[in-house]
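**Q** next comes the sequence, and after it the predicted model I'd like to discuss.
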Amino acid sequence: MLRRTKIVATLGPASSDQKVLEKMIMAGVDLVRMNFSHGSAQDHMNRAATVRAAAQACGRTVGILADLQGPKIRVRKFEHDKIVLNNGDTFILDATLDGLGNQERVGLDYKELPNDVSVGTVLLLNDGMLEFHVTGVKGPQVICKVVRGGVLSNNKGINRKGGGLTAPALTDKDKEDIKTAALIKADYLAVSFPRTGDDMRLARELMHAAGGKSLLMAKIERAEAIPALADIIDASDAIMVARGDLSVEVGDAAVPGLQKRMIKMAREKNRLVITATQMMESMITNPIPTRAEVSDVANAVLDGTDAVMLSAETAVGDYPVETIEAMARICLKAEVEVNDHGIDRRTEAQRFTRIDQSIAMSALYAASHLKVKAIVALTQSGSTPLWMSRVNARVPIFAMTPLTETLSKVTLFSGVHPIAFKIGSKDHSLALREAEEELVRLKLVADGDVIVMTIGEAVGKSGHTNTMKIVKVGDHRKH
(Lines give C-alpha, C1' and ligand atoms only; values in the text may rest on other atoms or scores of the structure.)
Protein backbone atom coordinates (compact mmCIF):
# COMPACT_ATOMS: atom_id res chain seq x y z
CA MET A 1 0.00 0.00 0.00
CA LEU A 2 1.44 3.36 -1.07
CA ARG A 3 1.57 5.91 1.75
CA ARG A 4 -0.03 9.28 0.98
CA THR A 5 1.44 11.32 3.85
CA LYS A 6 5.08 12.26 3.29
CA ILE A 7 7.87 11.97 5.87
CA VAL A 8 10.47 14.73 6.32
CA ALA A 9 13.63 13.83 8.28
CA THR A 10 16.12 16.37 9.65
CA LEU A 11 19.77 15.59 8.99
CA GLY A 12 22.39 15.75 11.73
CA PRO A 13 25.23 13.74 13.30
CA ALA A 14 22.97 10.66 13.60
CA SER A 15 22.06 10.74 9.91
CA SER A 16 25.07 12.06 7.98
CA ASP A 17 26.53 8.71 6.93
CA GLN A 18 25.42 7.57 3.46
CA LYS A 19 24.68 4.00 4.62
CA VAL A 20 22.43 5.30 7.44
CA LEU A 21 20.74 7.65 4.96
CA GLU A 22 20.07 4.73 2.61
CA LYS A 23 18.38 2.82 5.44
CA MET A 24 16.32 5.92 6.29
CA ILE A 25 15.24 6.33 2.66
CA MET A 26 14.27 2.66 2.41
CA ALA A 27 12.32 3.07 5.69
CA GLY A 28 10.26 5.84 4.07
CA VAL A 29 11.92 9.28 4.01
CA ASP A 30 10.54 11.42 1.17
CA LEU A 31 12.29 14.72 1.91
CA VAL A 32 15.30 15.66 4.04
CA ARG A 33 15.57 18.89 6.03
CA MET A 34 18.97 20.55 6.19
CA ASN A 35 19.10 22.87 9.20
CA PHE A 36 21.13 25.95 8.21
CA SER A 37 21.53 26.91 11.89
CA HIS A 38 24.45 24.47 11.91
CA GLY A 39 27.35 24.00 9.51
CA SER A 40 29.14 25.90 6.74
CA ALA A 41 28.17 26.33 3.09
CA GLN A 42 30.62 23.56 2.21
CA ASP A 43 29.01 21.26 4.80
CA HIS A 44 25.61 21.82 3.17
CA MET A 45 26.98 21.14 -0.30
CA ASN A 46 28.63 17.91 0.87
CA ARG A 47 25.47 16.80 2.65
CA ALA A 48 23.26 17.50 -0.38
CA ALA A 49 25.61 15.40 -2.53
CA THR A 50 25.44 12.54 0.02
CA VAL A 51 21.63 12.67 0.09
CA ARG A 52 21.40 12.50 -3.70
CA ALA A 53 23.92 9.66 -3.85
CA ALA A 54 21.96 7.73 -1.20
CA ALA A 55 18.66 8.33 -3.03
CA GLN A 56 20.18 7.15 -6.31
CA ALA A 57 21.55 4.02 -4.62
CA CYS A 58 18.02 3.28 -3.35
CA GLY A 59 16.39 4.01 -6.71
CA ARG A 60 14.20 6.71 -5.17
CA THR A 61 13.68 10.47 -5.53
CA VAL A 62 14.25 12.39 -2.28
CA GLY A 63 13.64 16.13 -2.01
CA ILE A 64 15.82 18.62 -0.11
CA LEU A 65 14.47 21.33 2.23
CA ALA A 66 16.94 24.06 3.21
CA ASP A 67 15.78 25.59 6.51
CA LEU A 68 17.09 29.11 7.26
CA GLN A 69 18.13 29.94 10.83
CA GLY A 70 16.26 33.23 11.07
CA PRO A 71 16.93 35.82 13.78
CA LYS A 72 18.80 34.49 16.83
CA ILE A 73 16.80 35.73 19.81
CA ARG A 74 18.89 34.02 22.46
CA VAL A 75 20.93 34.57 25.59
CA ARG A 76 24.70 34.27 25.17
CA LYS A 77 27.03 31.97 27.10
CA PHE A 78 27.60 31.56 30.83
CA GLU A 79 30.87 31.35 32.74
CA HIS A 80 30.04 27.83 33.90
CA ASP A 81 27.75 26.93 30.94
CA LYS A 82 24.56 27.16 33.03
CA ILE A 83 22.95 28.65 36.14
CA VAL A 84 19.97 27.75 38.32
CA LEU A 85 17.40 30.51 38.90
CA ASN A 86 14.82 30.40 41.70
CA ASN A 87 11.36 31.96 41.77
CA GLY A 88 11.60 35.57 42.93
CA ASP A 89 15.23 36.08 41.82
CA THR A 90 16.18 39.26 39.97
CA PHE A 91 18.03 38.63 36.70
CA ILE A 92 19.33 41.03 34.03
CA LEU A 93 19.37 40.49 30.26
CA ASP A 94 22.19 42.81 29.17
CA ALA A 95 22.49 43.79 25.49
CA THR A 96 25.97 45.30 26.00
CA LEU A 97 27.56 42.48 28.02
CA ASP A 98 30.31 40.96 25.87
CA GLY A 99 31.78 38.66 28.51
CA LEU A 100 30.36 35.46 29.94
CA GLY A 101 27.17 35.50 31.99
CA ASN A 102 26.84 34.74 35.70
CA GLN A 103 24.15 34.36 38.38
CA GLU A 104 23.14 38.05 38.03
CA ARG A 105 23.16 38.72 34.27
CA VAL A 106 23.81 37.36 30.77
CA GLY A 107 24.50 38.88 27.36
CA LEU A 108 22.13 38.83 24.37
CA ASP A 109 22.52 37.90 20.71
CA TYR A 110 19.52 40.10 19.96
CA LYS A 111 20.60 43.66 20.81
CA GLU A 112 17.18 45.21 20.14
CA LEU A 113 15.46 43.42 23.04
CA PRO A 114 15.49 46.50 25.37
CA ASN A 115 13.56 48.46 22.70
CA ASP A 116 10.96 45.68 22.29
CA VAL A 117 9.94 45.30 25.95
CA SER A 118 8.52 47.43 28.76
CA VAL A 119 7.50 46.96 32.40
CA GLY A 120 5.05 44.04 32.58
CA THR A 121 6.29 42.24 29.43
CA VAL A 122 6.45 38.46 29.91
CA LEU A 123 9.53 36.73 28.49
CA LEU A 124 9.69 32.97 28.09
CA LEU A 125 13.09 31.28 27.86
CA ASN A 126 14.21 27.78 26.85
CA ASP A 127 10.96 26.86 25.04
CA GLY A 128 8.85 28.32 27.84
CA MET A 129 10.51 26.37 30.66
CA LEU A 130 11.45 29.65 32.42
CA GLU A 131 9.22 32.71 32.79
CA PHE A 132 10.56 36.23 33.44
CA HIS A 133 8.47 39.37 34.08
CA VAL A 134 10.14 42.65 33.07
CA THR A 135 10.30 45.03 36.04
CA GLY A 136 12.39 47.74 34.41
CA VAL A 137 14.45 48.75 31.38
CA LYS A 138 17.62 50.78 32.00
CA GLY A 139 19.29 51.61 28.68
CA PRO A 140 20.63 48.31 27.31
CA GLN A 141 19.58 46.33 30.40
CA VAL A 142 16.29 44.45 30.77
CA ILE A 143 15.68 43.85 34.50
CA CYS A 144 13.51 40.81 35.17
CA LYS A 145 11.86 39.04 38.06
CA VAL A 146 12.00 35.24 37.78
CA VAL A 147 8.41 33.95 38.04
CA ARG A 148 9.15 30.38 36.99
CA GLY A 149 12.74 29.36 37.63
CA GLY A 150 14.92 26.46 36.58
CA VAL A 151 18.15 25.78 34.72
CA LEU A 152 19.22 28.39 32.15
CA SER A 153 22.13 27.31 29.97
CA ASN A 154 24.12 28.69 27.03
CA ASN A 155 22.36 30.02 23.91
CA LYS A 156 18.79 29.33 25.02
CA GLY A 157 16.02 31.03 23.06
CA ILE A 158 13.86 33.96 24.21
CA ASN A 159 10.21 34.48 23.22
CA ARG A 160 7.90 37.30 24.16
CA LYS A 161 4.51 36.03 25.28
CA GLY A 162 1.93 37.17 22.74
CA GLY A 163 4.64 38.12 20.25
CA GLY A 164 5.99 41.58 19.54
CA LEU A 165 9.73 41.15 18.97
CA THR A 166 10.71 43.25 15.95
CA ALA A 167 13.62 41.12 14.65
CA PRO A 168 13.48 40.90 10.83
CA ALA A 169 12.74 37.44 9.41
CA LEU A 170 15.79 37.49 7.13
CA THR A 171 19.19 38.18 8.69
CA ASP A 172 22.45 38.81 6.79
CA LYS A 173 23.37 35.18 7.44
CA ASP A 174 20.04 34.05 5.94
CA LYS A 175 20.67 36.12 2.82
CA GLU A 176 24.03 34.36 2.33
CA ASP A 177 22.43 30.99 3.07
CA ILE A 178 19.81 31.59 0.35
CA LYS A 179 22.72 31.70 -2.14
CA THR A 180 23.95 28.35 -0.80
CA ALA A 181 20.44 26.88 -1.06
CA ALA A 182 20.31 28.01 -4.70
CA LEU A 183 23.76 26.49 -5.31
CA ILE A 184 22.77 23.06 -3.97
CA LYS A 185 19.46 23.27 -5.91
CA ALA A 186 17.34 22.86 -2.78
CA ASP A 187 13.77 21.96 -3.73
CA TYR A 188 12.26 23.94 -0.84
CA LEU A 189 13.49 26.92 1.19
CA ALA A 190 11.99 27.37 4.67
CA VAL A 191 11.93 30.92 6.07
CA SER A 192 11.98 31.13 9.87
CA PHE A 193 9.80 33.60 11.82
CA PRO A 194 8.05 35.45 8.93
CA ARG A 195 5.57 38.05 10.19
CA THR A 196 3.97 39.08 6.89
CA GLY A 197 3.68 38.00 3.28
CA ASP A 198 6.31 40.64 2.45
CA ASP A 199 8.94 38.60 4.33
CA MET A 200 8.20 35.70 1.97
CA ARG A 201 8.14 37.93 -1.12
CA LEU A 202 11.59 39.28 -0.21
CA ALA A 203 12.93 35.73 0.26
CA ARG A 204 11.57 34.80 -3.18
CA GLU A 205 13.27 37.81 -4.78
CA LEU A 206 16.58 36.86 -3.16
CA MET A 207 16.20 33.22 -4.23
CA HIS A 208 15.51 34.23 -7.85
CA ALA A 209 18.41 36.73 -7.78
CA ALA A 210 20.69 33.87 -6.71
CA GLY A 211 19.49 31.81 -9.68
CA GLY A 212 17.54 29.34 -7.51
CA LYS A 213 14.16 27.75 -8.18
CA SER A 214 13.34 26.54 -4.66
CA LEU A 215 9.70 26.62 -3.59
CA LEU A 216 9.17 28.90 -0.58
CA MET A 217 7.95 27.56 2.75
CA ALA A 218 6.83 29.86 5.59
CA LYS A 219 7.42 28.53 9.10
CA ILE A 220 4.49 29.73 11.19
CA GLU A 221 6.06 30.28 14.60
CA ARG A 222 5.32 33.90 15.62
CA ALA A 223 2.15 35.18 17.25
CA GLU A 224 2.13 38.03 14.67
CA ALA A 225 1.95 35.49 11.83
CA ILE A 226 -1.53 34.32 12.87
CA PRO A 227 -3.50 37.49 11.91
CA ALA A 228 -1.40 37.68 8.69
CA LEU A 229 -1.86 33.99 7.85
CA ALA A 230 -3.82 34.45 4.60
CA ASP A 231 -1.23 36.91 3.21
CA ILE A 232 1.70 34.69 4.27
CA ILE A 233 0.12 31.59 2.68
CA ASP A 234 -0.64 33.52 -0.53
CA ALA A 235 3.02 34.65 -0.73
CA SER A 236 4.36 31.11 -0.15
CA ASP A 237 4.25 27.73 -1.88
CA ALA A 238 4.06 25.86 1.42
CA ILE A 239 3.83 26.41 5.16
CA MET A 240 5.22 24.61 8.17
CA VAL A 241 3.17 24.36 11.36
CA ALA A 242 6.22 24.96 13.58
CA ARG A 243 4.67 24.11 16.92
CA GLY A 244 7.67 24.82 19.18
CA ASP A 245 8.09 28.60 19.12
CA LEU A 246 4.44 29.08 18.18
CA SER A 247 3.35 27.21 21.31
CA VAL A 248 5.55 29.41 23.50
CA GLU A 249 4.20 32.64 21.97
CA VAL A 250 0.47 31.85 21.77
CA GLY A 251 0.17 29.24 24.56
CA ASP A 252 0.27 25.48 24.14
CA ALA A 253 -3.53 25.04 24.38
CA ALA A 254 -4.08 27.22 21.28
CA VAL A 255 -1.81 25.19 18.98
CA PRO A 256 -3.98 22.13 18.12
CA GLY A 257 -6.83 24.34 16.90
CA LEU A 258 -4.40 26.56 14.96
CA GLN A 259 -2.83 23.46 13.40
CA LYS A 260 -6.22 22.38 12.03
CA ARG A 261 -7.00 25.89 10.78
CA MET A 262 -3.61 26.29 9.06
CA ILE A 263 -3.79 22.91 7.32
CA LYS A 264 -7.31 23.66 6.07
CA MET A 265 -6.34 27.14 4.82
CA ALA A 266 -3.22 25.86 3.07
CA ARG A 267 -5.12 23.11 1.25
CA GLU A 268 -7.90 25.49 0.20
CA LYS A 269 -5.29 27.86 -1.25
CA ASN A 270 -3.54 24.98 -3.10
CA ARG A 271 -0.48 25.24 -0.87
CA LEU A 272 1.50 22.45 0.81
CA VAL A 273 1.79 21.98 4.57
CA ILE A 274 4.21 20.21 6.92
CA THR A 275 3.34 19.53 10.57
CA ALA A 276 6.46 19.65 12.75
CA THR A 277 7.99 19.68 16.24
CA GLN A 278 8.22 16.92 18.86
CA MET A 279 6.14 14.46 16.84
CA MET A 280 8.12 11.43 18.05
CA GLU A 281 10.29 13.19 20.67
CA SER A 282 10.56 10.19 23.02
CA MET A 283 12.17 8.16 20.22
CA ILE A 284 15.33 10.25 20.54
CA THR A 285 16.23 7.76 23.27
CA ASN A 286 13.53 5.05 23.05
CA PRO A 287 12.94 2.41 20.34
CA ILE A 288 9.12 2.84 20.39
CA PRO A 289 6.87 5.93 20.52
CA THR A 290 4.47 6.89 23.31
CA ARG A 291 0.72 6.45 22.73
CA ALA A 292 0.34 10.24 22.78
CA GLU A 293 2.92 10.59 19.97
CA VAL A 294 1.11 7.95 17.91
CA SER A 295 -2.12 9.96 18.33
CA ASP A 296 -0.37 13.23 17.46
CA VAL A 297 1.02 11.90 14.17
CA ALA A 298 -2.28 10.21 13.30
CA ASN A 299 -4.25 13.40 14.03
CA ALA A 300 -2.00 15.44 11.75
CA VAL A 301 -2.76 12.91 8.99
CA LEU A 302 -6.50 13.11 9.73
CA ASP A 303 -6.22 16.95 9.63
CA GLY A 304 -4.94 16.62 6.04
CA THR A 305 -1.26 17.54 6.41
CA ASP A 306 0.94 16.80 3.38
CA ALA A 307 3.85 15.73 5.54
CA VAL A 308 4.95 15.02 9.09
CA MET A 309 8.43 16.06 10.17
CA LEU A 310 11.12 14.64 12.45
CA SER A 311 13.73 16.96 13.99
CA ALA A 312 16.06 15.81 16.78
CA GLU A 313 14.66 12.27 16.40
CA THR A 314 16.65 11.76 13.17
CA ALA A 315 19.29 14.50 13.62
CA VAL A 316 20.77 13.33 16.93
CA GLY A 317 18.53 10.43 18.05
CA ASP A 318 19.57 6.88 18.84
CA TYR A 319 16.93 5.32 16.59
CA PRO A 320 16.62 7.33 13.33
CA VAL A 321 15.60 4.38 11.13
CA GLU A 322 13.17 2.88 13.67
CA THR A 323 11.54 6.32 14.14
CA ILE A 324 10.86 6.59 10.40
CA GLU A 325 9.49 3.04 10.28
CA ALA A 326 7.15 3.82 13.20
CA MET A 327 5.99 7.07 11.59
CA ALA A 328 5.31 5.36 8.26
CA ARG A 329 3.29 2.66 10.01
CA ILE A 330 1.17 5.24 11.89
CA CYS A 331 0.54 7.28 8.73
CA LEU A 332 -0.65 4.24 6.78
CA LYS A 333 -3.07 3.21 9.52
CA ALA A 334 -4.44 6.75 9.91
CA GLU A 335 -4.95 7.12 6.14
CA VAL A 336 -7.42 4.22 6.21
CA GLU A 337 -9.65 6.40 8.42
CA VAL A 338 -9.49 9.52 6.24
CA ASN A 339 -12.95 10.11 4.82
CA ASP A 340 -12.73 13.21 2.67
CA HIS A 341 -15.51 14.25 0.30
CA GLY A 342 -13.41 17.18 -0.86
CA ILE A 343 -13.72 16.29 -4.55
CA ASP A 344 -17.45 16.98 -4.54
CA ARG A 345 -16.96 20.12 -2.38
CA ARG A 346 -14.33 21.53 -4.70
CA THR A 347 -16.18 20.86 -7.92
CA GLU A 348 -19.31 22.48 -6.49
CA ALA A 349 -17.69 25.41 -4.64
CA GLN A 350 -14.94 26.51 -7.03
CA ARG A 351 -15.02 28.22 -10.37
CA PHE A 352 -11.99 27.08 -12.32
CA THR A 353 -10.22 29.73 -14.34
CA ARG A 354 -7.60 27.40 -15.84
CA ILE A 355 -8.15 24.46 -18.16
CA ASP A 356 -5.40 22.38 -16.50
CA GLN A 357 -7.01 22.84 -13.07
CA SER A 358 -10.39 21.76 -14.48
CA ILE A 359 -8.77 18.64 -15.95
CA ALA A 360 -7.13 17.84 -12.58
CA MET A 361 -10.48 18.08 -10.77
CA SER A 362 -12.24 16.08 -13.50
CA ALA A 363 -9.68 13.29 -13.10
CA LEU A 364 -10.28 13.23 -9.34
CA TYR A 365 -14.04 13.24 -9.83
CA ALA A 366 -13.87 10.34 -12.29
CA ALA A 367 -11.51 8.40 -10.01
CA SER A 368 -13.83 8.85 -7.02
CA HIS A 369 -16.85 7.49 -8.91
CA LEU A 370 -15.17 4.66 -10.84
CA LYS A 371 -13.19 1.72 -9.48
CA VAL A 372 -9.84 3.18 -10.49
CA LYS A 373 -6.40 1.77 -9.65
CA ALA A 374 -4.42 5.00 -10.14
CA ILE A 375 -4.43 8.54 -11.48
CA VAL A 376 -1.54 9.26 -13.86
CA ALA A 377 -0.44 12.83 -14.61
CA LEU A 378 2.11 13.36 -17.39
CA THR A 379 3.47 16.70 -16.20
CA GLN A 380 6.23 19.25 -16.73
CA SER A 381 5.71 21.81 -13.95
CA GLY A 382 3.94 19.57 -11.41
CA SER A 383 0.89 21.90 -11.25
CA THR A 384 -1.67 19.25 -12.23
CA PRO A 385 -0.56 16.72 -9.56
CA LEU A 386 -0.41 19.58 -7.02
CA TRP A 387 -4.09 20.39 -7.58
CA MET A 388 -4.95 16.70 -7.47
CA SER A 389 -3.09 16.35 -4.15
CA ARG A 390 -5.25 19.02 -2.44
CA VAL A 391 -8.02 16.43 -2.11
CA ASN A 392 -7.51 13.10 -0.36
CA ALA A 393 -7.88 10.83 -3.36
CA ARG A 394 -8.31 7.20 -2.40
CA VAL A 395 -5.92 6.11 -5.14
CA PRO A 396 -2.24 6.88 -5.77
CA ILE A 397 -1.37 9.73 -8.12
CA PHE A 398 1.68 9.05 -10.29
CA ALA A 399 3.47 12.20 -11.51
CA MET A 400 5.40 11.14 -14.61
CA THR A 401 7.94 13.70 -15.79
CA PRO A 402 11.38 13.87 -17.41
CA LEU A 403 12.37 16.89 -15.25
CA THR A 404 14.52 16.18 -12.18
CA GLU A 405 13.40 19.37 -10.43
CA THR A 406 9.71 18.42 -10.83
CA LEU A 407 10.37 14.88 -9.55
CA SER A 408 12.03 16.31 -6.42
CA LYS A 409 9.32 18.94 -5.93
CA VAL A 410 6.43 16.43 -5.87
CA THR A 411 8.10 14.41 -3.07
CA LEU A 412 6.19 16.69 -0.67
CA PHE A 413 2.78 16.47 -2.39
CA SER A 414 0.35 14.30 -0.42
CA GLY A 415 -0.58 11.14 -2.33
CA VAL A 416 1.71 11.91 -5.29
CA HIS A 417 4.52 9.56 -6.28
CA PRO A 418 7.28 10.73 -8.66
CA ILE A 419 8.22 8.58 -11.66
CA ALA A 420 11.04 9.58 -14.01
CA PHE A 421 9.64 9.20 -17.51
CA LYS A 422 10.95 10.64 -20.77
CA ILE A 423 8.10 11.11 -23.20
CA GLY A 424 9.24 9.64 -26.51
CA SER A 425 6.36 10.70 -28.74
CA LYS A 426 4.90 14.12 -29.57
CA ASP A 427 1.57 12.39 -30.27
CA HIS A 428 -0.30 12.47 -26.98
CA SER A 429 -2.14 9.16 -27.62
CA LEU A 430 1.19 7.39 -28.13
CA ALA A 431 2.71 9.20 -25.13
CA LEU A 432 -0.14 7.96 -22.91
CA ARG A 433 0.38 4.42 -24.22
CA GLU A 434 4.12 4.62 -23.43
CA ALA A 435 3.31 5.86 -19.91
CA GLU A 436 0.82 3.01 -19.41
CA GLU A 437 3.45 0.43 -20.47
CA GLU A 438 6.01 1.99 -18.10
CA LEU A 439 3.60 1.63 -15.17
CA VAL A 440 3.03 -2.03 -16.11
CA ARG A 441 6.80 -2.56 -16.29
CA LEU A 442 7.17 -1.05 -12.80
CA LYS A 443 4.38 -3.38 -11.58
CA LEU A 444 2.33 -0.39 -10.37
CA VAL A 445 -0.65 -1.38 -12.53
CA ALA A 446 -1.61 -4.61 -14.32
CA ASP A 447 -3.68 -5.58 -17.34
CA GLY A 448 -7.38 -5.09 -16.66
CA ASP A 449 -6.86 -2.18 -14.19
CA VAL A 450 -8.73 1.04 -14.93
CA ILE A 451 -6.59 4.20 -14.70
CA VAL A 452 -7.30 7.90 -15.28
CA MET A 453 -4.59 9.70 -17.28
CA THR A 454 -4.00 13.41 -17.95
CA ILE A 455 -1.71 15.05 -20.52
CA GLY A 456 -1.34 18.25 -22.52
CA GLU A 457 -1.97 18.32 -26.24
CA ALA A 458 1.26 20.30 -26.55
CA VAL A 459 3.27 17.33 -25.24
CA GLY A 460 6.28 18.35 -23.17
CA LYS A 461 5.13 21.94 -22.54
CA SER A 462 4.33 23.33 -19.11
CA GLY A 463 0.80 24.50 -18.23
CA HIS A 464 -0.92 22.87 -21.22
CA THR A 465 -2.72 19.90 -19.60
CA ASN A 466 -6.04 19.77 -21.45
CA THR A 467 -6.81 16.07 -21.91
CA MET A 468 -8.16 13.38 -19.60
CA LYS A 469 -8.46 9.78 -20.69
CA ILE A 470 -9.90 6.77 -18.85
CA VAL A 471 -7.94 3.69 -19.86
CA LYS A 472 -8.30 -0.03 -19.24
CA VAL A 473 -4.71 -1.20 -18.97
CA GLY A 474 -3.67 -3.58 -21.76
CA ASP A 475 -6.72 -2.94 -23.98
CA HIS A 476 -4.60 -1.29 -26.70
CA ARG A 477 -2.66 -4.54 -27.12
CA LYS A 478 -5.86 -6.38 -28.07
CA HIS A 479 -6.51 -4.11 -31.05
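**A** Looks like it arrived, so ask away.

**Q** could you check how far V316 is from E22?
**A** Separation of V316 from E22 (Cβ to Cβ, to the nearest Å) stands at 19 Å. For the C-beta atoms, the positions are set from N, CA and C on the backbone; glycine is no exception.

**Q** looking at these two, which is more packed in?
**A** A direct count of neighbours by other Cβ atoms under 10 Å for V316 and E22 places E22 higher, at 18 against 14.

**Q** how about the strands in the stretch 351-479 of the chain?
**A** Taking DSSP state E, counting those that start in this stretch, the strands of the stretch 351-479 of the chain run over residues 374-378, 397-401, 416-420, 450-456, 465-472.

**Q** give the other helices and strands that the third one contacts.
**A** Helices and strands in packing contact with strand 416-420 are listed as helix 383-389, strand 397-401, helix 404-409; criterion 3 or more Cβ pairs under 8 Å, 6 or more residues apart in numbering; DSSP states H and E.

**Q** one more time with 7 Å, if that's ok
**A** strand 397-401 (3 or more Cβ pairs under 7 Å, 6 or more residues apart in numbering; DSSP states H and E).

**Q** just the angle between the strand it packs on and strand 416-420, please?
**A** Here strand 397-401 runs at an angle of 30 degrees relative to strand 416-420 (axes from the mean of the first three to the mean of the last three Cα atoms, to 10 degrees).

**Q** sheet partners, orientation included, of strand 397-401?
**A** Within its sheet, and counting by DSSP bridges, strand 397-401 is paired with strand 374-378 (parallel), strand 416-420 (parallel).

**Q** residues making contact with the last one?
**A** Same thing as strand 416-420. Strand 416-420 is contacted from outside by L2, T61, P385, S389, P396, I397, F398, A399, M400, L407, V410, T411, using Cβ atoms under 7 Å, 6 or more residues apart in numbering.

**Q** filter the residues you listed to the buried ones?
**A** Neighbour-count burial (16 or more other Cβ atoms under 10 Å) applied to those gives T61, P385, S389, P396, I397, F398, A399, M400, L407, V410, T411.

**Q** sorry, back to before: just send the contacts of strand 416-420 back as CSV, with distance to F421 too.
**A** Shown next, in CSV, are those (distance: Cβ to Cβ, whole Å):
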residue, distance to F421
L2, 17
T61, 12
P385, 13
S389, 18
P396, 15
I397, 14
F398, 9
A399, 9
M400, 4
L407, 9
V410, 13
T411, 16
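
**Q** now the residue lying closest to G212 once chain neighbours are set aside, what's its secondary structure?
**A** Counting by Cβ to Cβ, 6 or more residues apart in numbering, G212 lies nearest to A182, which is 2.9 Å off, once chain neighbours are set aside. Following DSSP: H, G, I helix; E, B strand; the rest coil, A182 is assigned to helix.

**Q** and the gap between A182 and A48?
**A** Distance of A182 to A48, computed by Cβ to Cβ: 12 Å.

**Q** domains in the protein, by residue range?
**A** 6-70+168-335, 82-160, 342-478 (automatic domain parsing).

**Q** what's opposite L85 in the beta bridge?
**A** Using DSSP bridges, the bridge partners assigned to L85 are G150.

**Q** ok, M309 touching K6?
**A** No. M309 is beyond contact range of K6, at 9.3 Å (criterion: Cβ atoms under 7 Å).

**Q** any idea how far apart the tips of stretch 369-380 sit?
**A** End-to-end span of stretch 369-380 (Cα to Cα, to the nearest Å): 27 Å.

**Q** quick one, strands of the stretch 101-250 of the chain?
**A** Going by DSSP E, counting those that start in this stretch, the stretch 101-250 of the chain shows strands at 105-107, 122-125, 130-138, 141-148, 150-153, 158-160, 188-191, 215-220, 238-242.
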